[in-house]
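Undergrad: Fold the stuff below for me.
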Amino acid sequence: MNEEENHEQGSTFGINDILFIVFRHKFKILFFFLMASVAAGAVWYLKPPLFESEAKLLIKYVKESRIAAMPGNSDVVIDAKHSVINSEIEILKSQDVAIAAVKTVGADKFLAAYGGVNDEMRAAGVLLKNLKIEGGNNSDVIAVSLGHPDPQVAQKALSAFIEAYLHKHQEAWLQAGSYEFLLTQTDQIRASLNETDAELGKELSKAGILSLADAKTDITAQLNRIQKDLYETEAQLAEKRAQLDEYKRQPEKTSPNTATANLETKTNNLPDALAAPNPATVANYQRLAQQLATLKNRELEYVSVYKEGSTNSSNPLRQIRQQIAEVEKTINELGFDPSRTLQIAGPSMTLLQPAETFNIAFERSRVAALEARTRTLTNQLAEVNQKAQRLEEVENRIEDLQRKKRIYDEQYQHFRTSLEKAKIDQALDSTKLGNINVVQEPSRAGLNSKKTKKMIMMAFGGTACVGLALAFLIELFLDPSVKRAKELETRLKVQVLISVPTFKGLRQSRKKVAKADALDKNGVRSEFYGEIPPWEDSDPMLPYYEALRDRVVMSYNGDNHKPKVVGLTSCNDGAGVTRLATGLAAALSRDVQRNVLLIGLQSNRVSVSAFDKGRPAEALAGSNNNGEDSSVQENLYSLATTGRNLAGASVVQSFSDLMPKLKVSDYDFIVFDLPPISQTSGALRLASQMERTIMVVEAEKTDRRKLERAVRLLASSRAKVSTVFNKSRSYGPKVLDDEI
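TA: Residues are numbered from 1 along each chain as shown. Okay, here's the model as predicted:
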């Protein structure tokens, strides 16, 4: 079952549906086909075929000279089978190449066929527009073709274009290696180098140094020497002060003469080798010995800084050693033996003293000298620290300038080397590049109509497709109406009793209209003023009324109960419900002499007509005169004249109450002409009470969505729903009609 339904749904849209859409919108499609023809003609007229010249280029490799890189980078050869072909195509498409070619040919000559305006930019644009470049992924050959109305101009312009491309190729890939570029860069770097050197000299002069490294080394050595001398002097000063303090703390004070006499007494008993030297000689010796020690310490510092083999007279190491030699010479000339000292044993003497009397005046002078030396060394240390601070302030600036100088110097040497190499490259002719070969020179231009034909086909096909697309867009999306009876069966799954075509010959003569008016005055209702009534034999729809009658009778399948109640309704006004209901009633009464009652409910108006022998009768028909049947007729008469029944109920309520009585009346068929189903018409309530509900669907007018909802509502009330497809139109050949 599911497979059959799926197959049925899948086959709802086929070739017949496509042909139906095409034929239904044939005028729209024909209009767009006419516009397509006009567009194709306009393309042929505005874009005539051009003469085209062709050339081919072989890209073997691309040599890129990277002059701006640091020394050590050599030229790089790039494989053309990857990105180079695309790069060369982009160079060919560049506007600079086109402008250069136009300048060679002449913009006025190139645009002579386009109005003769001397405009290089416009000529370049036209050239690029008519230029065709093709390069395969698996080939190193680029095909270039150029179209122009003049065959000679086409060939000449393509030759100029190829030459301009070769120059542009060299400029793009080898621009950094050109002689002019390198010469300019070398001059600029030389100027920057000189400027940096001058700034560095100013900073060094401002700092009062010749070399930053030498100045830092000299200051460091001075700081170490001064600090060491200061420490030694402070130690000696402390020693002398301690000796004076110890001398002052002695318990017995003797006069100098007594001390000298005692000392002499003691020393007279000593050997000659331990005789006391002259005190002045001892003091002089101690001073020279201290100076010698200081000079030797400084010599040790300078040995690690300055070269020993230097003959420069200003070399600090050489000067220190000369001073050491002079001090040693002076010490030797004194003839003093430091071993000739006497340890004076005493309760308060703890130091080695010369073998002479302790001279307090001399020791105090030594303390004063050491204090003066300490102050001098302290001032020297502060001065050297200030100098070091000033050097530190300019150190960053000097180092930056030195670093810039090194960089500029490296670049200058590199560009000088590259400049020599560029002298050779400058002699190369761009048309003799070894990596690009013109394997086919620009050919003689020939007429090429492929592009024009392609544009014509695109214009024609595009415009024609717009018409077809519009037709299908309207049919499938924008127009929700039901257009064929097939849609009722495939989409809504409802039975179609009959499909009635559109008839335009329903109008009748004025004489017949007057006669119909006369009948209406006699009490026979007519809703068809100006048209042929459905009961007339001249009505062209008569065969369809009879076919509808047969389908309705067949739907009862031998059920002989009376009366049979059939209601006709629709989803929109003008669907033809009244004509079909009247024609059905007339056809039913014409067949085997049935008594048929037609009840019309339109816009809260009730019309009741009895049909006998295919025509409306003058009075309501009834088979007996019992009270119940009389009550039905009186209510029907009241509804037909006043719009309400005898009790004053509304039309919908009245027929809801009369329906059980009508179903036991003596009529064979009761046909209801119901108003369109809407939210306020009440037709849905009455249609649900019919034995058969026929939904009249007006072709291309009835909304499919409203119809689906109405059918669902009727089906939910268990009404037996079928449809009549009215006013159908046939747009194509009869073989496309699938109605039986």
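Undergrad: mean confidence score for stretch 729-740?
TA: For stretch 729-740, the mean per-residue pLDDT is 68.
Undergrad: same thing with stretch 470-483?
TA: Average pLDDT, stretch 470-483: 85.
Undergrad: One more: stretch 84-102?
TA: When pLDDT is averaged along stretch 84-102, the result is 86.
Undergrad: now the helices for the stretch 451-600 of the chain?
TA: Under the criterion DSSP state H, counting those that start in this stretch, helices of the stretch 451-600 of the chain are mapped to 485-490, 510-521, 542-556, 577-590.
Undergrad: got CSV for these, with mean neighbour count too?
TA: Placement of C-beta: from N, CA and C, glycine included. Converted to CSV, those look like this (neighbours: other CB atoms under 10 Å):
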stretch, mean neighbour count
helix 485-490, 20
helix 510-521, 12
helix 542-556, 18
helix 577-590, 26
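Undergrad: could I get those helices as JSON lines with distance to Pro48?
TA: As requested, those are exported to JSON lines (distance: least, CB to CB, whole Å):
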{"stretch": "helix 485-490", "distance to Pro48": "50"}
{"stretch": "helix 510-521", "distance to Pro48": "64"}
{"stretch": "helix 542-556", "distance to Pro48": "60"}
{"stretch": "helix 577-590", "distance to Pro48": "62"}
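Undergrad: can you tell me which of those the model trusts least?
TA: In terms of average pLDDT, helix 510-521 trails the rest of the helices of the stretch 451-600 of the chain, at a mean of 49.
Undergrad: how much space between Phe32 and Thr463?
TA: Phe32 sits at a distance of 6 Å from Thr463 (criterion: CB to CB, to the nearest Å).
Undergrad: who's more crowded, these two?
TA: Between Phe32 and Thr463, counting by other CB atoms under 10 Å, Phe32 is the more crowded of the two (22 against 18).
Undergrad: Tell me who's in contact with the more buried one.
TA: Phe32 sits next to 463-464, 466-468, 470 when contact means CB atoms under 8 Å, 6 or more residues apart in numbering.
Undergrad: Please tell me I have it right and Asn435 contacts Lys60.
TA: Yes - applying CB atoms under 8 Å, one finds Asn435 in contact with Lys60, separated by 5.1 Å.
Undergrad: When the two are compared, which one has more neighbours?
TA: Ranked by neighbour count (other CB under 10 Å), Asn435 and Lys60 place Asn435 first, with 16 against 13.
Undergrad: Could you count how many residues lie near Arg24?
TA: Arg24 has 21 neighbours, counted by other CB under 10 Å.
Undergrad: what are the phi and psi angles of the closest residue to it other than its chain neighbours?
TA: Ranked by CB to CB, 6 or more residues apart in numbering and with sequence neighbours excluded, the top spatial neighbour of Arg24 is Tyr731, at 4.5 Å. The phi and psi torsions at Tyr731 (degrees, to the nearest 10) take the values phi -100, psi -30.
Undergrad: so how many other residues sit close to Tyr731?
TA: Applying other CB under 10 Å, we find 15 other residues in the vicinity of Tyr731.
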